[in-house]
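Chemist: Fold the following for me, if possible:
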Amino acid sequence: MALQVLGKVEPKDIKLDLGVKELRGKVVGWLMMAWEELAVEEHMIRRGWEKCRLGKIHDSAFQSHAISECLTKGLLANFEPLEDREEEAAV
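Modeler: Model (predicted):
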């Protein structure tokens, strides 16, 4: 695209390659750039959690209650205990 712009191609005639091969390598870079820009915007992150009705997600009491609810309802039954994964990694 840069060559097209530098070559004085009319904007309406610029062709963008939107194929998987072209975009695959760029997506990770875009995600990392977006993460780096948003990571310093703590107020935006907190507001996003609030919009999802998870505004207290950073509160340890909220986290403990959420884990208790998941355990009580069996929502974590398919997850391996963290200790098992740590032991496997050490082997």
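
Chemist: which stretches of the protein have low pLDDT?
Modeler: 1-2, 81-91 (pLDDT under 70).

Chemist: next one: the longest helix along it to chain centre, how far?
Modeler: Secondary structure of the chain per DSSP state H: the longest helix is helix 20-39. Relative to the mean C-alpha coordinate of its chain, helix 20-39 is positioned 11 Å out (Cα atoms, centre = their mean, to the nearest Å).

Chemist: tell me what it is packed against?
Modeler: Counting by 3 or more Cβ pairs under 8 Å, 6 or more residues apart in numbering; DSSP states H and E, the packing neighbours recorded for helix 20-39 are helix 42-51. Heads up, the C-betas are built off the backbone N, CA and C, glycines and all.

Chemist: after the helix it packs on, next one along is what?
Modeler: helix 60-72 (DSSP states H and E).

Chemist: rewinding a little: alpha carbons of the longest helix of the chain, as CSV, please.
Modeler: Only the C-alpha atoms of helix 20-39 are listed here, as CSV (Å, rounded to 0.1, in the frame of the first residue of the first chain):
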residue,chain,number,x,y,z
VAL,A,20,-4.9,-14.3,5.8
LYS,A,21,-1.3,-14.4,4.8
GLU,A,22,-0.9,-10.7,4.9
LEU,A,23,-3.0,-10.0,8.0
ARG,A,24,-1.8,-13.0,10.2
GLY,A,25,1.6,-11.4,10.9
LYS,A,26,0.1,-8.0,11.6
VAL,A,27,-2.7,-9.0,14.1
VAL,A,28,-0.3,-9.9,16.9
GLY,A,29,1.5,-6.6,16.5
TRP,A,30,-1.8,-4.7,16.5
LEU,A,31,-2.9,-6.5,19.7
MET,A,32,0.3,-5.8,21.5
MET,A,33,0.3,-2.2,20.5
ALA,A,34,-3.3,-1.8,21.7
TRP,A,35,-2.5,-3.6,24.9
GLU,A,36,0.5,-1.3,25.6
GLU,A,37,-1.7,1.8,24.9
LEU,A,38,-4.5,0.6,27.1
ALA,A,39,-2.4,-0.8,30.0
